[in-house]
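# quick one, structure for this:
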Amino acid sequence: MACISARADSAEDRLRQAYAKAESSIDTGHRQDLGSSQGHWRKFRDSYCQSVYDEISPGREAPIERQACREQLALDRIAELYFVSVGPSGEFPRILRALEGVGYERDELVARLDAMYADEETWVQYVSVHCELLGRVAAADEQLCRARMNFERSY
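Okay, here's the model as predicted:
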């Protein structure tokens, strides 16, 4: 438990640094939007990691899994904060092109990915607020952003 707690705390420290970097990279007018995105992410993290805990509890691994969840979600949030600073990038556009190449219709694929996890209210709120922020600060297409985040979600 001590090891995973230390890893989760380390990830949280790196997250604070990434947040400060993202905050310093945007106009002051968007900092409130960044704070809102972070607040929605925290609500999602807390809700999701509690559900992981509840699913395993009263098993002895439940506290360990909650800490592992905190670590993973912090690492994912760091990646999203990077996009605030530099704009959307990564493998997703290449993956979409590859899927188009084998016959998938791009707009339909993006719409289906955008609709994933629709029953997880805290996730949907976080993704919506975050993609609105990316739309404002990095001219990101919001639907494509939501589709990417749903596609890349690792939990």
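# got a pLDDT number for residue 87?
Looking at residue 87, its pLDDT stands at 82.
# who are the contact partners of it?
Taking Cβ atoms under 8 Å, 6 or more residues apart in numbering, we find residue 87 in contact with 134, 138-140. All C-beta spots, glycine's among them, are computed from the backbone N, C-alpha and C.
# what about this protein, any weak spots by pLDDT?
Applying pLDDT under 70 to the chain flags no residue at all.
# in the helix or strand encompassing residue 74, what's buried?
Using DSSP states H and E, residue 74 sits in helix 62-86. Of all the residues in helix 62-86, those buried under the rule 16 or more other Cβ atoms under 10 Å are 64-74, 76-78, 80-84.
# and if you look at stretch 29-45?
Applying a neighbour-count criterion of 16+ other Cβ under 10 Å, the buried positions in stretch 29-45 are 30, 33-34, 36-38, 40-41, 44-45.
# got the residue ranges for the helices in this structure?
Secondary structure of the chain by DSSP state H: the helices cover 2-25, 31-56, 62-86, 92-101, 106-114, 121-138, 142-152.
# now do the contacts for the closest residue to residue 5 other than its chain neighbours.
Nearest residue to residue 5 in three dimensions, chain neighbours excluded: residue 67, at 5.2 Å (Cβ to Cβ, 6 or more residues apart in numbering). By Cβ under 8 Å, 6+ apart, the contact set of residue 67 is 1, 4-5, 7-8.
# burial of the nearest residue to residue 153 once chain neighbours are set aside, as a residue count?
Ranked by Cβ to Cβ, 6+ apart and with sequence neighbours excluded, the top spatial neighbour of residue 153 is residue 117, at 7.2 Å. Burial of residue 117 is recorded as 15 neighbouring residues (other Cβ atoms under 10 Å).
# use 525 as the first number for this chain going forward.
Sure, I'll start numbering at 525, so the last one becomes residue 641.
# just to revisit the earlier point, now tabulate the buried residues of stretch 553-569 in a markdown table and tack on distance to residue 578.
Formatted as a markdown table, the buried residues of stretch 553-569 follow (distance: Cβ to Cβ, whole Å):
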| residue | distance to residue 578 |
| --- | --- |
| 554 | 36 |
| 557 | 32 |
| 558 | 30 |
| 560 | 27 |
| 561 | 26 |
| 562 | 24 |
| 564 | 21 |
| 565 | 20 |
| 568 | 15 |
| 569 | 15 |
